[in-house]
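**Q** Need coordinates for the following:
(one chain, ligands or ions: 1)
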Amino acid sequence: MQTPSNKALVPFVSVDNMMKLIHRIGIDTMLIGLADYIEQDFLRWPSFDKTPRVASHSAEGVIELMPTSDGATYGFKYVNGHPKNTRGGLQTVTAFGLLADVATGYPVLLTEMTILTALRTAAMSALAAKYLAPKNATTMAMIGNGAQSEFQCLAFRAIVGIRTVRLYDIDPAATAKVRRNLAGSGLNVIACASAQEAVTGADIITTCTADKANATILGDNMVGAGAHINAIGGDCPGKTELHADILHRATIFVEYPEQTRIEGEIQQLSPDHPVTELWQVFNGTARGRQNADQVTVFDSVGFAVEDFSALRYVRDHLGETGAFVEIDLLADPDDPRDLFGMLGRAAPAISAA
Ligand code: NAD
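**A** I've put the predicted structure just below:
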């Protein structure tokens with residue numbers, strides 16, 4: 001198999017190669033591997049540079065940069081969120097990202113991250129649920145059946161042991177698409193006519209809708225004792241999915257409070273409302289689920305460290321999958337100070353008169 005060469009050329013994973021990489025590794029293996037990488041990085045949380053992501057808002061959406069570093073490696077993701085895009089045949093969320101060597105500042109990987117974000121978001125959700133969901137959970141409601149949803153269902157099957165998914169979307173065509181895509185997955189897939197019907201009998205409720213609004217996808221009376229809510233879609237100021245009453249009676253778990261208070265469901269609460277940081281649950285210094293009746297909420301917004309973990313995972317699996325090309329991203333003059341002189345390499349040949 002091809003391995004990245006150690007020159008100024010940078011390994012690049014296109015969308016086409018990301019699809020090949022996933023098939024060569026296997027989607028379950030990759031979801032489990034990503035969850036493992038994320039958990040490892042959350043266990044060394046204090047070693048990361050952390051900042052709420054840098055967001056540029058517009059009427060229709062947001063464009064965000066998500067940087068972090070562990071002192072040896074730097075990573076960032078460019079990502080957008082434009083709920084109206086799907087009406088014009090475009091994705092709500094697209095992304096690409098980069099890893100770089102801190103010692104030289106040289107990039108070591110450039111990759112598509114639209115598909116990778118769906119995988120890492122699903123892996124993160126399932127990892128959190130491993131600590132927070134009721135024991136022996138088998139049924140999940142999946143509300144919002146767009147681009148992220150199959151990845152969520154498969155991660156919960158592979159990592160949490162979910163066997164049945166109860167689907168609901170305001171657009172029945174989206175639900176039909178998920179049913180088609182999950183046929184043969186081993187999951188028992190049930191299409192529901194309402195969010196209320198979808199949550200009936202569900203141990204875990206995933207909300208993954210896209211609307212730039214303070215929506216009420218789940219009302220307080222829809223959430224029974226003991227449920228775990230995996231709230232994915234509320235990830236921007238003015239964009240939430242849960243009624244505030246649910247938050248007031250739940251125990252709330254977050255990635256990075258400084259970012260979640262701006263973007264997550266908890267933007268509806270006072271700034272000092274108590275939340276638990278997941279890295280502390282993973283390392284045993286904070287408690288996850290404490291009893292069978294507790295309502296737990298993972299107020300997911302997506303944090304830079306998760307993308308860093310996903311980028312690390314891809315970098316570590318490039319060699320075995322061969323799913324990359326090397327691109328000429330960095331100037332490499334023969335004399336590092338003679339950048340101008342390097343232009344001569346591309347000078348048009350002057351034909352003799
Ligand atoms: P998408 O546009 O492909 O799908 C969204 C789906 O939600 C659509 O099928 C739409 O019909 C449905 N929907 C909208 N309003 C609804 C309602 N009231 N009830 C039921 N269904 C409804 O978007 P996507 O890529 O699947 O992303 C979903 C959401 O997740 C977005 O808001 C996105 O910003 C967010 N997201 C969060 C993270 C994270 O880490 N937390 C990562 C990726 C995406």
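**Q** Compute the number of surrounding residues for the closest residue to the ligand within the stretch 1-150 of the chain.
**A** Closest contact between the stretch 1-150 of the chain and the ligand, by Cβ to the nearest ligand atom, is at Gly146 (1.7 Å). C-betas here are computed from N, CA, C, even on glycine. Per other Cβ atoms under 10 Å, the neighbour tally for Gly146 reads 20.
**Q** what's the answer for the one 3 residues further on, then?
**A** Counted by other Cβ under 10 Å, the residues lying close to Ser149 total 27.
**Q** ok, the residue of the stretch 1-150 of the chain closest to the ligand to Ala174 distance?
**A** Going from Gly146 to Ala174 by Cβ to Cβ, to the nearest Å gives 6 Å.
**Q** Val165 too?
**A** 14 Å.
**Q** neighbour count winner among the two?
**A** Legend: neighbour count by other Cβ under 10 Å for Val165 and Ala174, higher for Val165 (30 against 18).
**Q** In this structure the more buried one contacts Gly186, no?
**A** No: counting by Cβ atoms under 8 Å, Val165 does not reach Gly186; the two are 11.1 Å apart.
**Q** what is in contact with those two at once?
**A** By Cβ atoms under 8 Å, 6 or more residues apart in numbering, Val165 and Gly186 have no common neighbours.
**Q** How about the contacts made by Leu34?
**A** Contacts of Leu34 by Cβ under 8 Å, 6+ apart are 119-120, 123, 309-310, 313.
**Q** Helix, strand or coil: sort out it for me.
**A** helix (DSSP: H, G, I helix; E, B strand; the rest coil).
**Q** number of nearby residues for the closest residue to it other than its chain neighbours?
**A** Distances taken as Cβ to Cβ, 6 or more residues apart in numbering place Ala123 nearest to Leu34, at 3.8 Å, with adjacent residues excluded. Using other Cβ under 10 Å, Ala123 has 29 other residues around it.
**Q** what about Ala123, helix or strand, and which?
**A** Per DSSP states H and E, Ala123 falls inside helix 114-132.
**Q** And the helices in the stretch 251-353 of the chain?
**A** 257-263, 278-282, 304-321, 339-342 (DSSP state H, counting those that start in this stretch).
**Q** Keeping just the C-alphas, turn the third one into PDB.
**A** Taking Å, rounded to 0.1, in the frame of the first residue of the first chain, the C-alpha atoms of helix 304-321 are listed here in PDB:
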ATOM      1  CA  ALA A 304     -12.600  21.100  18.000                       C
ATOM      2  CA  VAL A 305     -11.000  18.300  20.000                       C
ATOM      3  CA  GLU A 306     -13.400  15.700  18.400                       C
ATOM      4  CA  ASP A 307     -12.300  16.900  14.900                       C
ATOM      5  CA  PHE A 308      -8.700  16.700  16.000                       C
ATOM      6  CA  SER A 309      -9.300  13.100  17.100                       C
ATOM      7  CA  ALA A 310     -11.000  12.400  13.700                       C
ATOM      8  CA  LEU A 311      -8.100  13.900  11.800                       C
ATOM      9  CA  ARG A 312      -5.600  11.900  13.800                       C
ATOM     10  CA  TYR A 313      -7.600   8.700  13.000                       C
ATOM     11  CA  VAL A 314      -7.500   9.400   9.300                       C
ATOM     12  CA  ARG A 315      -3.800  10.300   9.400                       C
ATOM     13  CA  ASP A 316      -3.000   7.000  11.200                       C
ATOM     14  CA  HIS A 317      -5.000   4.900   8.700                       C
ATOM     15  CA  LEU A 318      -3.800   6.500   5.500                       C
ATOM     16  CA  GLY A 319      -1.000   4.100   4.900                       C
ATOM     17  CA  GLU A 320      -3.100   0.900   5.300                       C
ATOM     18  CA  THR A 321      -5.900   2.200   3.100                       C
END
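**Q** Tell me what angle it forms with helix 114-132.
**A** Here the directions of helix 304-321 and helix 114-132 differ by 120 degrees (axes from the mean of the first three to the mean of the last three Cα atoms, to 10 degrees).
**Q** Output the contacting helices and strands for helix 304-321.
**A** strand 10-13, helix 15-25, helix 27-42, strand 62-69, strand 73-81, strand 95-101, strand 107-112, helix 114-132 (3 or more Cβ pairs under 8 Å, 6 or more residues apart in numbering; DSSP states H and E).
**Q** now for those, which one comes closest to Glu258?
**A** Nearest of those to Glu258, taken as Cβ to Cβ: strand 62-69 at 12.9 Å.
**Q** Residues of the stretch 151-300 of the chain that sit close to the ligand?
**A** 168-171, 174, 208-211, 215, 217, 232-233, 235, 300 (Cβ under 6 Å from any ligand atom).
**Q** Can you say which of these are buried?
**A** Buried members of these, scored by 16 or more other Cβ atoms under 10 Å, are 168-169, 174, 208-211, 215, 217, 232-233, 235, 300.
**Q** so Ala126 touches Gly161, yeah?
**A** No: between Ala126 and Gly161 there is no contact under Cβ under 8 Å: 9.8 Å.
**Q** What is the burial count for Leu43?
**A** Residues near Leu43, counting by other Cβ under 10 Å, number 12.
**Q** Let me see the contact set for it.
**A** So Leu43 contacts 279, 282-283 (Cβ under 8 Å, 6+ apart).
**Q** same deal with Arg166?
**A** Taking Cβ under 8 Å, 6+ apart, one finds 139-142, 190, 192, 197-202 in contact with Arg166.
**Q** cool, and Leu119?
**A** 22, 27, 30-31, 34, 151, 155, 310.
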